[in-house]
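Fold the following and give me the result.
(chains A and B)
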Amino acid sequence: GAVVSQHPSWVICKSGTSVKIECRSLDFQATTMFWYRQFPKQSLMLMATSNEGSKATYEQGVEKDKFLINHASLTLSTLTVTSAHPEDSSFYICSAREQRELGDTQYFGPGTRLTVL
Amino acid sequence: DAKTTQPPSMDCAEGRAANLPCNHSTISGNEYVYWYRQIHSQGPQYIIHGLKNNETNEMASLIITEDRKSSTLILPHATLRDTAVYYCIVRVAFRETSGSRLTFGEGTQLTVNP
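Model prediction:
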């Protein structure tokens, strides 16, 4: 199947700093990418949908000024957590859509564990 | 997108077939059934998807009932590495709705025992 990578796989930062997470589709072009967040013992929650070359669409309750998303190319999307606080500590997972003849599919990255001290 | 119902947990003996059920009684004619799994602390892994016909790939088989109101994911010979949370998701094809995306429920925690 298609491969999606994320970098870094984990990051520890101080409160108030910003953290950037990269998501790449390695062997296909993705016009649409998605960012999810997962807290311990919970399911994945969609944060935002990004389309290449346009602004991201955020889910209700997700602060767009705090979680900056850039989808500048067909293979790269970035999520920047600005002024991170301990409550932003979570597992962040990106996903990229691969267009197919029938039933497009989303492939997921391995996730980034963010810990804010 | 149609809502799905899955049992919260299941156990399976190593080497035996694991049959994971999913109910989606409100599924629409243009909605696909997708299965993903998430092994602890990893991103979800795509397994299989289908519309109305049964599907098989190297990982699993997907059996969809004729009325499409339920489906079963079959792992033919479960191994310890198949222990994961399995998610059944129903949604329209991406190309039909540009803003459409996968939303995850609670899934089924499958534990494969030695």
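
now the chain, which segments are flagged as low pLDDT?
In the absence of a named chain, chain A is used. Residue ranges of chain A with pLDDT under 70: A:1, A:101-103.

Chain B is the one I meant
B:1-2, B:93-100.

again, only this time at 80
Counting by pLDDT under 80, chain B contains low-confidence residues at B:1-2, B:92-101.

Show me which residues of it sit near chain A.
Taking Cβ under 8 Å from any Cβ of the partner chain as the criterion, chain B approaches chain A at residues B:32, B:34, B:36, B:38, B:41-46, B:49-51, B:87, B:93-95, B:98-99, B:101-107. (C-beta placed from N, C-alpha, C; glycine too.)

Share the number of residues neighbouring B:P21, please.
15 (other Cβ atoms under 10 Å in any protein chain shown).

Quick check: it touching B:I74?
No: using Cβ atoms under 8 Å, B:P21 makes no contact with B:I74, being 10.3 Å away.

the helices in chain B, which residues?
Secondary structure of chain B, counting by DSSP state H: no helices present.

can you tell me how far the spatially most central residue of it sits from chain A?
Geometric centre of chain B, nearest residue: B:W35, 3.0 Å, by Cα atoms, centre = their mean. Remark: distance between B:W35 and chain A (Cβ to the nearest Cβ, to the nearest Å) = 11 Å.

What are the neighbouring residues in contact with that residue?
Residues in contact with B:W35 (Cβ atoms under 8 Å, 6 or more residues apart in numbering or on different chains) are B:L20, B:C22, B:I47, B:I48, B:H49, B:A60, B:L62, B:L73, B:Y86, B:Y87, B:C88, B:I89.

Which residue lies closest in space to the fifth one, excluding its sequence neighbours?
With sequence-adjacent residues excluded and distances taken as Cβ to Cβ, 6 or more residues apart in numbering or on different chains, B:H49 is closest to B:Y34, at 4.2 Å.

Could I get the contacting residues of the one you found?
A:G103, A:T105, B:Y46, B:I48, B:H49, B:C88, B:I89, B:V90, B:R91, B:L102 are the contacts of B:Y34 under Cβ under 8 Å, 6+ apart.

strands paired with the lengthiest strand in chain A, and their directions?
The strand that spans the most residues within chain A, counting by DSSP state E, is strand A:90-98. With DSSP bridges as the test, strand A:90-98 is paired with strand A:32-38 (antiparallel), strand A:105-108 (antiparallel), strand A:112-116 (antiparallel).

Which residues outside stretch A:5-23 are in contact with it?
Here stretch A:5-23 has contacts from A:4, A:24, A:26, A:33, A:35, A:76-86, A:92-94, A:96, A:109-117, B:43, using Cβ under 8 Å, 6+ apart.

export stretch A:50-69 as PDB, just CAs?
Provided in PDB are the C-alpha atoms of stretch A:50-69 (Å, rounded to 0.1, in the frame of the first residue of the first chain):
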ATOM      1  CA  SER A  50      -5.900  20.400   4.200                       C
ATOM      2  CA  ASN A  51      -6.100  20.700   0.400                       C
ATOM      3  CA  GLU A  52      -3.000  21.500  -1.600                       C
ATOM      4  CA  GLY A  53      -2.700  25.200  -2.300                       C
ATOM      5  CA  SER A  54      -5.700  26.300  -0.200                       C
ATOM      6  CA  LYS A  55      -6.500  27.000   3.400                       C
ATOM      7  CA  ALA A  56      -7.200  24.100   5.700                       C
ATOM      8  CA  THR A  57     -10.700  23.400   7.000                       C
ATOM      9  CA  TYR A  58     -10.800  22.900  10.800                       C
ATOM     10  CA  GLU A  59     -13.200  20.800  12.800                       C
ATOM     11  CA  GLN A  60     -15.300  22.500  15.400                       C
ATOM     12  CA  GLY A  61     -13.500  23.300  18.500                       C
ATOM     13  CA  VAL A  62     -10.000  23.300  16.900                       C
ATOM     14  CA  GLU A  63      -8.200  26.600  17.100                       C
ATOM     15  CA  LYS A  64      -6.900  27.500  13.600                       C
ATOM     16  CA  ASP A  65      -4.500  30.100  15.000                       C
ATOM     17  CA  LYS A  66      -3.000  27.500  17.400                       C
ATOM     18  CA  PHE A  67      -2.700  24.600  14.900                       C
ATOM     19  CA  LEU A  68      -1.200  26.100  11.700                       C
ATOM     20  CA  ILE A  69      -1.500  23.800   8.700                       C
END
